[in-house]
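A.B. asks: how would this look folded up:
(chains A and B)
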Number of protein chains: 2
Amino acid sequence: MSRKARGVVEVVDDAGDRPYDDRLETLRSSLGLDGLSGLLVFDPVNIRYLTGFTGSAGVVLVRPDECLLVSDFRYRVQAREQAPVARFVELEGAFSPLAPELVEGFEGCLGVEKDHLKVEEWEALAPALEGLDVSLVRGHVRKMRRVKSAGELRAVREASLLAVQVMERLSLMQVVGRTERDVALELEVWARKHGSEGIPFPYILAWGPNSAKPHAEPGDTVIGQGGLLVVDLGAVVDGYASDITRTFSTGKVGPEEARAHRVTLEAQEAARREAGPGIACRHVDKVARDVIEGEGLGDFFKHGLGHGVGLEVHEEPGLSSRSEDVLEPGMVVTIEPGIYLEGVGGVRIEDSVAVTETGVEVLTEMDRGLLTLS
Amino acid sequence: MSRKARGVVEVVDDAGDRPYDDRLETLRSSLGLDGLSGLLVFDPVNIRYLTGFTGSAGVVLVRPDECLLVSDFRYRVQAREQAPVARFVELEGAFSPLAPELVEGFEGCLGVEKDHLKVEEWEALAPALEGLDVSLVRGHVRKMRRVKSAGELRAVREASLLAVQVMERLSLMQVVGRTERDVALELEVWARKHGSEGIPFPYILAWGPNSAKPHAEPGDTVIGQGGLLVVDLGAVVDGYASDITRTFSTGKVGPEEARAHRVTLEAQEAARREAGPGIACRHVDKVARDVIEGEGLGDFFKHGLGHGVGLEVHEEPGLSSRSEDVLEPGMVVTIEPGIYLEGVGGVRIEDSVAVTETGVEVLTEMDRGLLTLS
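C.D. replies: Numbering: from 1, shown residues only, chains lettered A, B, ... in the order given. Modelled structure (predicted):
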């Protein structure tokens, strides 16, 4: 396995073991620019990013002077261990999102994250926020999460290497004659036994006509000889995800399928060459799309080109025709064009890349050819 | 394994292969009682219940005359296969929740499910709903899901039997000297290889002081000799979940831990005896709580007694001191008191039971004693 990075990411390291203090400070500055003096955070991934807390229930209140983590008794021990940056406040019952006394004395405008808060929860919050100047906002934390620190990049890189190793297992395994589900489970178990903290998404392993469904679930279909096999998988290290897709054959494929693979690969290579700092995400998407449309196959590539990867396997920025974002050093994104021929088969080729000062570093370097599995 | 059901559930079977038509009709009646002539459904589990569609992106619009499933091109094939009850409407881009033309001509008040809709999505919906009489509502579908049909009960029963088999694996395995994570993964793989469609929740397998955390994640702790081991697991069959917890020892346990187990078991048995049709959920909770409080251990049992189980492993009704619900034949709920001694260890004993005409049928029948694993 060769790593043909066009550059190596150089960013300032996390400030020792105190990344959370720094992140909270950065967040406060960003809030200040929008006239906010605090933020209520509901997204558990944002909460983890800001405090280190990995529990599934909790609300974070960032005030100018301190950070509160509000949760219930179940997380008392865990919060103390994981999130010393925040003062833990234990609420009676998991259903009261906030007690009025927590926002007592709060001055200025309080932002409330609206992209994870449910309408019903918002209604329930109202009494606690009465009399406060409140603004429904989004994106402050998500935007911070786009550009990875050196510590985060280390984790994504490690998760990517592990994902490549998982993908490489396929050539050592018997695939034909087994169900999609069975092969996918073997890959998942291998990943988890070799350091992946769970899996970042249910693996996709789809053979034949199933491979034409971009989000196929591995099922009871027995993988036969001949035809396309799309495998989309990843790993998680220190909470950070990776994402890679390769398309294999299990013997002979028809000319349509072979052409779909060739065109997808061409599009993927063109997009990878084009990606780099200062390049609009929409432009990278267009470069890949142009290749596929140029071959008259545009109707069969209907999803976006890629997405950010980090604590979530799908995060910002998005690489699509609608994207307003521009790539910056430290961002990690996927580049994954696909061509899906209903009833016949599909092809997708996906890499995760980190944007460097000069281009991109491919984190999931591995052969992209139409390898044959047995 | 003996099955000591106190009664067998008898309910009318699903109407052949058309449960979805019936469910939609029931839903329309329920909406009518609240003055609604339609419902926008966002919760993917409710969507599955009403239409059979298992995709993760989609909105269902129940109109008086028809049911629309709105999703994007990725789910075109799948929707056609799974949900013939609904007319599939393909939207450009996954992000537009609804097009105005879909509600054209809609008369009366349209309910909008608010317990799954995010504030941001609600804002995005507004233009499409302009001019309509709209009401934010909750619970119509969730309430229907509480009482299971015979077909649903068959699935939950099968998932429960599978979960018991998984739990029984523990006595055949070497446990001491391995990490929690490793043992939990072996159980999960066994479940999935023996018919479980994934797992309904990440298995909990927590030894020693870890077992005092009600939601501990299996980690790198090596299971030692002596101490408590809490194992909470389930299976999924035809989309329906099961849920069982047993507490084991791995050798000698102290008197505190032994007492915690004895009291938890007593509370669990008392609650199981008490549960049945017409009994308030809050009362069943109280019966278990009284036993534990009577032993002076009330401070160490701070979660609710149980929850409904079905398409989701946590659904309605809740069994807690706050519950307003009453048990009905066909409901499936867990009964799971626990005692958690921080720094020492925890005990939880959980069964899934189906409410019958006369009492409950225990779906996860299995020894509840403090068995020793090696």
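
A.B. asks: can you pull out the helices in chain A?
C.D. replies: A:19-33, A:44-51, A:76-82, A:119-129, A:140-146, A:150-169, A:180-193, A:255-274, A:281-294 (DSSP state H).

A.B. asks: buried stuff in the first one?
C.D. replies: Buried residues in helix A:19-33, counted by 16 or more other C-beta atoms under 10 Å in any protein chain shown: A:19, A:20, A:23, A:24, A:27, A:28, A:30, A:31. Every C-beta, even on glycine, is put in place using the N, C-alpha and C of the backbone.

A.B. asks: tell me the pLDDT at the closest residue in space to residue A:298 that isn't next to it in sequence?
C.D. replies: Leaving aside its chain neighbours, residue A:298 sits nearest to residue A:292 (5.7 Å; criterion: C-beta to C-beta, 6 or more residues apart in numbering or on different chains). Note for residue A:292: predicted pLDDT of 98.

A.B. asks: counting neighbours, what do you get for the nearest residue in space to residue A:307 that is not next to it in sequence?
C.D. replies: Spatial nearest neighbour of residue A:307, excluding adjacent residues (C-beta to C-beta, 6+ apart): residue A:314 at 4.9 Å. Neighbours of residue A:314 under the rule other C-beta atoms under 10 Å in any protein chain shown: 15.

A.B. asks: how close does residue A:314 sit to chain B?
C.D. replies: Distance, residue A:314 to chain B, by C-beta to the nearest C-beta, to the nearest Å: 11 Å.

A.B. asks: now for the residue positioned nearest the centre of chain A: which residues touch it?
C.D. replies: For chain A, residue A:313 is the residue whose C-alpha lies nearest the centre (C-alpha atoms, centre = their mean; 2.0 Å). Counting by C-beta atoms under 8 Å, 6 or more residues apart in numbering or on different chains, residue A:313 touches A:200, A:201, A:234, A:241, A:242, A:243.

A.B. asks: show the buried residues in those residues.
C.D. replies: By 16+ other C-beta under 10 Å, those give A:200, A:201, A:234, A:241, A:242, A:243 as buried.

A.B. asks: quick check: phi and psi on the last one?
C.D. replies: Yep, that's residue A:243 we're talking about. phi -160, psi 120 (degrees, to the nearest 10).

A.B. asks: per-residue pLDDT, it?
C.D. replies: 98.

A.B. asks: please report how far the closest residue to it other than its chain neighbours lies from chain B.
C.D. replies: The shortest distance from residue A:243 to any non-neighbouring residue, by C-beta to C-beta, 6+ apart, is to residue A:234 (4.5 Å). Going from residue A:234 to chain B by C-beta to the nearest C-beta gives 16 Å.

A.B. asks: pull the contacting residues for residue A:234.
C.D. replies: Per C-beta under 8 Å, 6+ apart, neighbours of residue A:234: A:159, A:163, A:199, A:200, A:201, A:241, A:242, A:243, A:244, A:313.

A.B. asks: just residue A:264 next, same as before
C.D. replies: Applying C-beta under 8 Å, 6+ apart to residue A:264 gives the contacts A:247, A:292, A:337, A:338, A:339, A:347, A:348, A:349.

A.B. asks: same deal with residue A:24?
C.D. replies: Counting by C-beta under 8 Å, 6+ apart, residue A:24 touches A:50, A:62, A:67, A:85.

A.B. asks: from residue B:222, how far off is residue A:324?
C.D. replies: Separation of residue A:324 from residue B:222 (C-beta to C-beta, to the nearest Å) stands at 50 Å.

A.B. asks: which of the two has more residues huddled nearby?
C.D. replies: Per other C-beta under 10 Å, whichever of residue A:324 and residue B:222 has more neighbours is residue B:222, with 13 against 9.

A.B. asks: isn't that one right up against residue B:181?
C.D. replies: No: look at residue B:222 against residue B:181 with C-beta atoms under 8 Å: they stay out of range, at 10.1 Å.

A.B. asks: need the pLDDT of residue A:90.
C.D. replies: 88.

A.B. asks: about what we covered before: go ahead and confirm the residue nearest to residue A:307 touches residue A:306.
C.D. replies: No: the criterion here is C-beta under 8 Å, and residue A:314 misses it with residue A:306 at 9.8 Å.

A.B. asks: just to revisit the earlier point, check the contacts of residue A:313 and tell me the two furthest apart.
C.D. replies: Spanning the widest gap among the contacts of residue A:313 are A:201 and A:242, at 10.6 Å by C-beta to C-beta.
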